[in-house]
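> mind looking at a prediction? Sequence and model below.
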Amino acid sequence: MLLDKASPLSHAPSRERLRTPQRHLELLIEPSPAELRRWLGAPPADWRPNVSILDSSAAELGAALVRRLDLARPLVVTGHQVEFFHAGVLAKTVATALLPSAAAGRGLFVWVDSDLPKAAALSFPALCDNEFRHVKVPLPACAAGLPIESQPALPRERWLAFFDELARRLPDADQTLLAQLRAALAAGSAGRVSITDLAEAAQRVALDALGLPPVATVTVSRLMSGPELRAFAAHLLLHARRFAECYNAAQAAYRARHRLRNPQRPAPPLRVEVRRVETPFWVYRAGRSRRRLFVADRGEVLELLADERPIGRLNVGQAAEVAFHRQPWPVEQAGWRIRPRALALSAALRLLLADVFIHGIGGAKYDEMTDDFLLRFWGRDAAPYACVSATLLPAGAVDESADEQLRELRRVRRDLHYNPQRHLAGLPPDLLTRRDELIRQSESLRRQRPHDRAARRRVFEELRRTNHELLHADPLQAADLERGWHALEQRCRQQMLLRDREVFFALHRRSELATLVSRLREQLDSSGN
């Protein structure tokens, strides 16, 4: 099946435009804001896929989920892993807050608390001893191999000390949102605070401080505790073999279209074996690492496996009815958590919740595969999706030629060792004459005796010794060159360090965040393309 569109509104962003913004305060909004508003203004019946899910439909399950979460349509949805994310992710949150306002809808942010922590420390460039260095402040009690929802909630004081350390390391901390975030944390009522609580508080503080409407929030773990996403998961498990075939065909087609060599991109294929089939879900217990969820068809029951280990069963007849999924599955009652992997989560949110889904750059590229397997499996794609991103740099505008200068510097340094006469003055004439003669011998051997490796090796070694003597004929001159190059290298590295767009948004100056929001608001309100 070719990748096309069953709905006139489900247009993917232009892949050619999905490039990470490089400059300070640069934005990416694709497709145009006018197109996004057109999507939001269209009646949902014009495009919402009414595909069957068990004994219900995506439209019915989605309506029930909207009611359960106390939301309103049109619904703009985005999401991200639970972390202290950068300004590019904040930009799609801002778009999620601003876009529905004119249509009296809501924005929803989904926290993916089923993912692993991206890093065990918060890193950022900070001025130390008159130069910028990469500073890392460890996250309190972060277990790298455990999903976020399994990370322990910590006493409030641990997190207050963490923010105090961030402020101590950041010279202009008083101009950032750190103080407001710390105050919000100190004013809370809970004695223990999870990293999800903290990330959500940071987002809420930012939206409020920047004069933006709030967005509703929900975690993946909460979504999976209700009947709607359980029913979605059960539908894929009951049709696991056919779904895996559609999923893998979409993955292979994506790799062929974009000439990807890595078989794990854009997502690993699902294993299809004689006795069991891999599903697009994780399964794990609290405090344990994630495992892939497999199913084995045993006739009237589906056996669920965490990789090789059987963990429970689902009655096929019961699982085919949405009403069964109002209560936790037996395997959940036994302590196992079933969570969708990336593309399955995107598919569920776009089928059940979103009227428009806003991705970052990676998700916007990979959801091309999601559209493909939805078309193959259900014969329809899902809600349209867009891409919004932005870049804030720690020190604002920086020298964009730094990496080019560094490459040239490395070339010149290497050339000094092979051609010292190009860079050093006043070298001994006899050494220069010897070098010229050795070069003539080398060229003669290459033309006339190319297979005489021993002779060519002798000339090469002699030429290297001569270059070494020339390089050390005036060590002070060579040292002066090296000192100048070292200073240039340091300046280049400083500039490259300051091009880190991954810095937590609350570590940027409020004025820079306000400018970013102003530009986003202006773009999203514009009527042009």
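Noted; the coordinates are in hand.

> got a list of what residue 391 touches?
Residue 391 is in contact with 20, 21, 22, 23, 24, 25, 26, 87, 88, 501, counting by CB atoms under 8 Å, 6 or more residues apart in numbering. Every C-beta, even on glycine, is put in place using the N, C-alpha and C of the backbone.

> mind doing that once more with 6 Å?
Residue 391 is in contact with 21, 26, 501, counting by CB atoms under 6 Å, 6 or more residues apart in numbering.

> how about JSON lines for those, with distance to residue 365 and pLDDT added?
Formatted as JSON lines, the contacts of residue 391 follow (distance: CB to CB, whole Å; pLDDT from 0 to 100):
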{"residue": "21", "distance to residue 365": "15", "pLDDT": "91"}
{"residue": "26", "distance to residue 365": "19", "pLDDT": "93"}
{"residue": "501", "distance to residue 365": "18", "pLDDT": "86"}
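
> quick one: which of the residues you listed is nearest to residue 115?
residue 501 (20.2 Å; CB to CB).

> grab the nearest non-local neighbour of that closest one.
Leaving aside its sequence neighbours, residue 501 sits nearest to residue 391 (CB to CB, 6 or more residues apart in numbering; 4.6 Å).

> got the contact list for residue 314?
So residue 314 contacts residue 302 (CB under 6 Å, 6+ apart).

> what about it, distance to residue 144?
Look at residue 314 and residue 144: by CB to CB, to the nearest Å, they are 32 Å apart.

> where in the stretch 301-450 of the chain is pLDDT low?
Scanning the stretch 301-450 of the chain for pLDDT under 70 picks out 396-403, 406.

> show me where it has strands.
Taking DSSP state E, counting those that start in this stretch, the strands of the stretch 301-450 of the chain run over residues 301-306, 309-315, 336-340, 356-359, 385-390.

> now those in CSV, with distance to residue 404?
Conversion of these to CSV gives the following (distance: least, CB to CB, whole Å):
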stretch, distance to residue 404
strand 301-306, 50
strand 309-315, 53
strand 336-340, 43
strand 356-359, 31
strand 385-390, 24
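
> please identify the most buried of the ones you listed.
With neighbours taken as mean count of other CB atoms under 10 Å, those reach their highest mean count in strand 385-390, at a mean of 27.

> please name the nearest non-neighbouring residue to residue 151.
Excluding the flanking residues, the one nearest residue 151 by CB to CB, 6+ apart is residue 195, at 5.6 Å.

> quick one: the one you found from residue 176, how far?
20 Å.

> can you check residue 183 too?
13 Å.

> next one: residue 121
For residue 121, the distance to residue 176 equals 18 Å [CB to CB].

> more neighbours: which of the two?
residue 176 (22 against 11; other CB atoms under 10 Å).

> out of the strands of the stretch 301-450 of the chain, which gets nearest to residue 222?
The closest of the strands of the stretch 301-450 of the chain to residue 222 is strand 336-340. By CB to CB, the value is 11.3 Å.

> partner strands of that closest one, parallel or antiparallel?
Pairing partners of strand 336-340, with direction, according to DSSP bridges: strand 277-285 (antiparallel).

> what does the strand it pairs with contact?
Contacting residues not belonging to strand 277-285 are listed as 237, 240-241, 244, 270-271, 290-295, 306, 335-341, 344 [CB under 6 Å, 6+ apart].

> try it again at 8 Å.
Residues from elsewhere that reach strand 277-285 (CB under 8 Å, 6+ apart): 114, 147, 150, 233, 236-237, 240-241, 243-244, 247, 270-272, 290-296, 304, 306, 311, 335-341, 343-344.

> put the buried members of the residues you listed into a ChimeraX selection.
A single ChimeraX command selects the buried members of those (16 or more other CB atoms under 10 Å):
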select :114,147,150,233,236,237,240,243,244,247,270,290,291,292,293,294,295,296,304,306,311,336,337,338,339,340,341,343,344
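
> can you tell me which of the contacts of strand 277-285 are in helices?
Among the contacts of strand 277-285, the members found in helices (DSSP state H) are 233, 236, 237, 240, 241, 243, 244, 247, 343, 344.

> got the contact list for the fourth one?
By that I understand residue 240. Residue 240 sits next to 277, 279, 295, 297, 302 when contact means CB under 8 Å, 6+ apart.

> the same query, at a cut-off of 7 Å, please.
The neighbours of residue 240, taking CB atoms under 7 Å, 6 or more residues apart in numbering as the test, are 277, 279, 295.

> do the same with the last one
The contact partners of residue 344, by CB under 7 Å, 6+ apart, come to 280, 281.

> where does residue 122 land in three-state SS?
Put simply, residue 122 is strand when judged by DSSP: H, G, I helix; E, B strand; the rest coil.

> for residue 110, same thing?
Classified using three-state DSSP, residue 110 is strand.

> domains in this protein, by residue range?
1-398+501-529, 402-497 (automatic domain parsing).

> run the chain-centre distance for the last one.
A distance of 43 Å separates the C-alpha centroid of domain 402-497 from that of its chain, computed with CA atoms, centre = their mean, to the nearest Å.

> what does stretch 332-348 give?
Averaged C-alpha coordinates place stretch 332-348 at 19 Å from its chain's average position (CA atoms, centre = their mean).

> how long is that stretch end to end?
Taking CA to CA, to the nearest Å, stretch 332-348 runs 20 Å from one end to the other.

> same question, stretch 77-88
Stretch 77-88: ends 16 Å apart by CA to CA.

> for that stretch, give me every contacting residue.
With CB under 7 Å, 6+ apart, stretch 77-88 has contacts from 89, 92-93, 96, 108-113, 115, 117-118, 122, 148, 195-196, 199, 202, 349, 353-354, 357-358, 360, 389-392, 501-505, 508, 516.

> against residue 384, how distant is residue 300?
Distance from residue 300 to residue 384, by CB to CB: 40 Å.

> where does pLDDT dip in this structure?
Using pLDDT under 70, the chain drops low at 1-11, 42-49, 102-103, 127-130, 396-403, 406, 491-497, 526-529.

> residue closest to the middle of it?
residue 362 (6.1 Å; CA atoms, centre = their mean).

> buried among the contacts of stretch 77-88? Need that as a selection in PyMOL.
Buried members of these, defined by 16+ other CB under 10 Å, are picked up in PyMOL with:
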select buried, resi 89+92+93+96+108+109+110+111+112+113+115+117+122+148+195+196+199+202+349+353+354+357+358+360+389+390+391+392+501+503+504+505+508+516
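
> dump the residue contacts of the nearest residue to residue 149 once chain neighbours are set aside.
Leaving aside its sequence neighbours, residue 149 sits nearest to residue 113 (CB to CB, 6+ apart; 4.2 Å). Shown in contact with residue 113 (CB under 7 Å, 6+ apart): 82, 147, 148, 149, 196, 219, 220, 221.

> distance of the spatially most distant residue from the centre of the chain from residue 97?
When each C-alpha in the chain is compared with the mean C-alpha position (CA atoms, centre = their mean), residue 430 comes out farthest, at 60.0 Å. Separation of residue 430 from residue 97 (CB to CB): 76 Å.

> and residue 338, by the same measure?
If you go by CB to CB, the gap between residue 338 and residue 97 works out to 31 Å.

> also residue 301?
From residue 301 over to residue 97 the distance is 45 Å, taken as CB to CB.

> got it, and residue 484?
Look at residue 484 and residue 97: by CB to CB, they are 50 Å apart.

> settle it for me: which of the two has more neighbours?
Taking other CB under 10 Å, residue 484 and residue 97 do not tie; residue 97 has more neighbours (24 against 10).

> pretty sure that one contacts residue 213?
Yes. Under the criterion of CB atoms under 7 Å, residue 97 makes contact with residue 213 at 5.1 Å.

> next, residue 426: phi, psi?
phi 70, psi 30 (degrees, to the nearest 10).

> please begin residue numbering at 6 from this point
In the new count, where the first residue is 6, that last one comes out as residue 431.

> tally of neighbours for it?
Burial of residue 431 is recorded as 8 neighbouring residues (other CB under 10 Å).
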